[in-house]
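Q: Fold the following for me, if possible:
(chains A and B)
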Amino acid sequence: MAATTTAASLKSVAEESHKTRSRIFGVAFIVIAIIAYWLFANGVDPALQSTFGLNQGNVPAEQRLPDWVIPSYGTVTLLAILSAFIGGYQLARGFGRYTNLMLGLVVLAFIFSFLTWATSDKSINLAGMLRTSVGAAVPITLGAMSGILCERAGVVNIAIEGMMLSSALMSTLIGSVTGNLWLGLLAGLLTGATLAFVHAVLAIRYKVDQIISGTVINIFSTGLTSFISAKFMQVYQELNNPGTFQSWPVPILSDIPIIGGIFFTSNIFTYGAYILLIVIHVGLFYTRWGLRVRAVGEHPKAADTLGINVFRTRYINVVLGGMAAGFGGAYFTLGSVGRFDEVMTAGRGFIGLAAMIFGNWSPFGAFGASLIFGFADSLASKLAILRVPIPSQFLLMAPYVVTMIALAGLVGRATPPAADGQPYEKQ
Amino acid sequence: MFTAFLVGSIIIILTDLAVLDAFKNFFGAPGAALSAAWKAITTAYGSLFEGSLGSPARMIAALQSGDSEAIGDAFYPIGESLVAATPYIFAGLSVAVGFRCGLFNIGAEGQLFIGAICSVWVGFTFKGLPAIVHIPLALVAGAAGGALWAFVPAILKAKAGAHEVINTIMMNYVAFRLSEWLLNGPLKRPESANPVSPFIEQSAELPRFFPDPIRFHMGFFIALGVAAFIYWFLFKTTLGFEIRTVGANANAAKYAGMNITRNLIIAMCLSGALAGLAGANEVLGVNHNLANAFSAGYGFDSIALALLGKSHPLGVVLAALLFGTLRSGSTRMQNVAQIPVDIISVIQALVIAFIAAPAIIRALYRLKAAGEGEGAVFTRGWGK
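A: Below is the predicted model:
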């Protein structure tokens, strides 16, 4: 517990300097604006235009939307001015609890400036790109939901990555053996739940450091999935061919121009993420269950005094969180490529963790962060097509760097539940 | 440990098809099934042993024959084990130093990559230096790189209270992407199609003591030296005492007038430097160039290692020797018994779990609770 108190004293120091921090953020926004202008507008011929295609797939000619053509220089300049304005306001007044949102907006403006600059005098299918962004955001969102469910009840979960990986494997395996995708999905959910239960037992019953227990699950999952994959799935290919869930456009919503194609023409994983998002949001903030969960996460002793069963709440939430991660893991195989490859989650679980922090432990915040991260992800894969002399790796770093900034800069803003990570001992 | 191996053997049995076949008529011929299971385990662990330590019979025969090539062959496995143990010693010490200060450095893997990048750069850029200058320079570069990578989470923790676990995880991925880019761009070997760096100059290679194929090199002794130094530093110097005090009870440390911020930063940077040395050691002693997949997860395994060694330098060295032998033996196990090396990760995960929760073992074997265990407890919240 010693470290808690150090950290607490550090935190009070941090809160004292919160004003300074808020100013630092204002300056940072302005600096980002200047960099964006300098990098992406400076020296660009004002006559150049960026063309964004808004159609995707085979759209009949009469329904085609015209391309969206914007002046490259003007757009970037406008966005830079906007970011600088946000920075100025932050310096003068401060955005308070909306600072994270503003950071998100500035980052988005920066990425969009980059995109505009990269497509100057060229064209890119923006709608298609946004669609892949949403696709990339789905597992990140689900990972973040898993984190929120666990951490709101006071159990740190860094094992999202491992749960996703194991569930990806199991859903493929069961899906292939039974030939039934739904059974595969169920297996994925159960795998996530099982690992989460192990995490819960280690963390709650045996009071193991929750980070160690999460690490155990991550290492275990990496090892076991690679083991099974090398031993069976690469040898017997028929075990690694479950097929994928078909895309199913939502009846009315998918007819909305642009948005319909981006958000509502997808498979059950995307819709599942939306539903989960809403359910968790409503559940956490508007139901008795949510109030209890948050009480357990913030002040377990008080919750216990009021007759809430702290241990049971934590167990249930961690297992639910594991199922969310399992659902996200199944996305990698059943929802996307239809086969399992070793270490295929490639850190998405950790980006989910990052999105959760960036979104300040709230479902919609995390979803917004996931969309930004997903956008960076899909943009990175387009760079080669645009022949931009910037390596995609830098864009892929963005989520991590932004998260560190958010966590460092917004102490007192990005606040985890107070009892997050502390085992509870009944007296 | 033992339990972990036991579970490992159950997994081996369950995944061995021949054994499963034998078990199908378990009730008809239980003996056959059991012997098949036994055979699978003995082949696996036997080859693991032979692959890591060598076969004693062959060693004796080779020594008697006096044929240098045969001796080399017979002692090759044990040399390989020591080679594999070396980065583990560094990385394990890295995590252990963090633990001693109450810091959880999950970022050893990233720091290891950055250390390797820095030292490989020094290794191939400077030409014509004598080895006595070049090797230390490259090692120092590696340590500096690792320390720099750890400095970011350290300063964020000390100044802004941001939890080092998240930041080191994030720094890991930044490091992976960075090295990916460097190996595809600036540091790419011009004549190669793969993302690998140029070979380092001969003067930067850590000397090897035996003719090829034995790769046993100087790094092992450096690692032992560093472990001794860390022991001295942690337990015999004022600064080491302060670091341990901050880790044990930060309030008491503050009350006694110790500078918590400074100690946190020093401990984290030292931890990063050690991880950087692990990377430097791999490129200077073993690979002589840098490829993307050069680390076999040393940074992550080192968490298990530090826990197993109870964050004590001596314990870490012993644990590293164990893990090194496991790692090098598992390659042979893969060839002989067709058991993928990844089983080692599973065993390691179980080792951590059992060490971190001694109560599980007690429950398994129905032992009485043996007083308050020294279990690794660093539990605390995120941003606090």
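
Q: what residues are up against residue A:247?
A: A:265, A:266, A:267 (CB atoms under 8 Å, 6 or more residues apart in numbering or on different chains). The way it works is simple: take the backbone N, C-alpha and C, and place the C-beta from them, glycine included.

Q: what's the distance between the first one and residue A:136?
A: The span separating residue A:265 from residue A:136 equals 16 Å under the rule CB to CB, to the nearest Å.

Q: ditto for the second one
A: To residue A:136, residue A:266 is 12 Å away according to CB to CB.

Q: which one is the residue of the stretch 201-350 of chain B found nearest chain A nearest to, not counting chain neighbours?
A: At 2.7 Å from chain A, residue B:345 is the closest residue in the stretch 201-350 of chain B, using CB to the nearest CB. Leaving aside its chain neighbours, residue B:345 sits nearest to residue A:223 (2.7 Å; criterion: CB to CB, 6 or more residues apart in numbering or on different chains).

Q: Remind me what the helix or strand where the one you found lies packs against, helices and strands.
A: Mapping residue A:223 onto the secondary structure by DSSP states H and E places it in helix A:210-228. Using 3 or more CB pairs under 8 Å, 6 or more residues apart in numbering or on different chains; DSSP states H and E as the contact test, the elements touching helix A:210-228 are helix A:160-178, helix A:181-200, helix B:2-15, helix B:298-308, helix B:343-356.

Q: relative orientation of that helix and helix A:181-200 in degrees?
A: Interaxial angle, helix A:210-228 versus helix A:181-200 (axes from the mean of the first three to the mean of the last three CA atoms, to 10 degrees): 140 degrees.

Q: Just checking, which helix or strand succeeds helix A:210-228 along the chain?
A: Criterion used, DSSP H and E; the element after helix A:210-228 is strand A:248-249.

Q: Could you list the buried residues of the helix of greatest length in chain B?
A: For chain B, the longest helix by residue count, based on DSSP state H, is helix B:68-100. Neighbour-count burial for helix B:68-100 flags B:70-100 (criterion: 16 or more other CB atoms under 10 Å in any protein chain shown).

Q: just stretch B:207-222 next, same as before
A: With burial defined by 16+ other CB under 10 Å, the residues of stretch B:207-222 counted as buried are B:208, B:214, B:215, B:216, B:217, B:218, B:219, B:220, B:222.

Q: List the contacts of that stretch.
A: Stretch B:207-222 is contacted from outside by B:68, B:72, B:75-76, B:79-80, B:82-83, B:85-86, B:89, B:131, B:139, B:206, B:277, B:281, B:284-286, using CB under 8 Å, 6+ apart.

Q: could you check the distance from residue A:229 over to residue A:339?
A: 10 Å.

Q: Averaged over its residues, which helix or strand of the chain has the lowest pLDDT?
A: Because you didn't say which chain, this covers chain A. Here the helix or strand of chain A ranked lowest by mean pLDDT, DSSP states H and E is helix A:2-16, holding a mean of 51.

Q: Chain B was what I was after
A: Ranked by mean pLDDT, DSSP H and E, the weakest helix or strand in chain B is helix B:17-24, scoring a mean of 49.

Q: Read off the pLDDT value for the residue of the stretch 201-350 of chain A found nearest chain B.
A: Residue nearest to chain B within the stretch 201-350 of chain A: residue A:223 (2.7 Å; CB to the nearest CB). Here, the pLDDT recorded for residue A:223 equals 82.

Q: And residue A:55, by the same measure?
A: Reported pLDDT for residue A:55: 65.

Q: What of residue B:112?
A: Predicted confidence (pLDDT) at residue B:112: the value is 90.

Q: could you measure it against chain A, distance?
A: Using CB to the nearest CB, to the nearest Å, residue B:112 is found at 16 Å from chain A.

Q: So what's the residue count around that residue?
A: Taking other CB atoms under 10 Å in any protein chain shown as the criterion, the count of residues near residue B:112 is 37.

Q: That one touches residue B:298, doesn't it?
A: Yes. Assessed by CB atoms under 8 Å, residue B:112 is found in contact with residue B:298 at 6.2 Å.

Q: Find the residues that touch each one of the two.
A: With CB under 8 Å, 6+ apart as the test, residue B:112 and residue B:298 both reach B:87, B:91, B:278, B:282.

Q: Let me see the contact set for the first one.
A: When contacts are counted by CB under 8 Å, 6+ apart, residue B:87 touches B:112, B:278, B:279, B:281, B:282, B:295, B:298.

Q: could you give the mean pLDDT of whichever strand or helix holds the third one?
A: Think residue B:279. If you go by DSSP H and E, residue B:279 is part of helix B:260-281. What helix B:260-281 shows for mean pLDDT is 89.

Q: Which single residue in the stretch 1-150 of chain B comes nearest to chain A?
A: residue B:102 (4.5 Å).

Q: Report how many residues lie close to that residue.
A: Residue neighbour count, defined by other CB under 10 Å, stands at 27 for residue B:102.

Q: in what helix or strand does the closest residue to it other than its chain neighbours lie?
A: Using CB to CB, 6+ apart and skipping the chain neighbours, the partner closest in space to residue B:102 is residue B:247 (3.8 Å). Taking DSSP H and E as the definition, residue B:247 sits inside helix B:238-248.

Q: Any chance you could note which residues of the stretch 101-250 of chain B sit beside chain A?
A: B:102, B:104, B:106, B:152, B:156-163, B:165-167, B:169-171, B:173-174, B:177-178, B:180-181, B:184-185, B:246-250 (CB under 8 Å from any CB of the partner chain).

Q: For PyMOL, what selects the buried ones among those?
A: In PyMOL, this line selects whichever of these come out buried by 16+ other CB under 10 Å:
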select buried, chain B and resi 102+104+106+152+156+157+158+159+160+161+162+163+165+166+167+169+170+171+173+174+177+178+180+181+246+247+249+250
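
Q: Distance check, the residue nearest to residue A:245 when sequence neighbours are not counted against residue A:144.
A: Of all residues not flanking residue A:245 in the chain, residue A:267 sits nearest, at 4.3 Å (CB to CB, 6+ apart). From residue A:267 across to residue A:144, the span is 19 Å (CB to CB).

Q: out of the two, which sits in the busier spot?
A: A count of neighbours by other CB under 10 Å puts residue A:144 above the other of residue A:267 and residue A:144, at 37 against 18.

Q: Contacts only, for the more buried one.
A: So residue A:144 contacts A:352, A:353, A:355, A:356, A:359, A:363, A:366, A:367, A:369, A:370 (CB under 8 Å, 6+ apart).

Q: Next, residue B:199: secondary structure please.
A: Recorded secondary structure, residue B:199: coil (DSSP: H, G, I helix; E, B strand; the rest coil).

Q: quick one, phi psi at it?
A: Residue B:199 adopts backbone torsions of phi -70, psi 150, taken as degrees, to the nearest 10.

Q: Could you count how many residues lie near it?
A: By other CB under 10 Å, 17 other residues sit near residue B:199.
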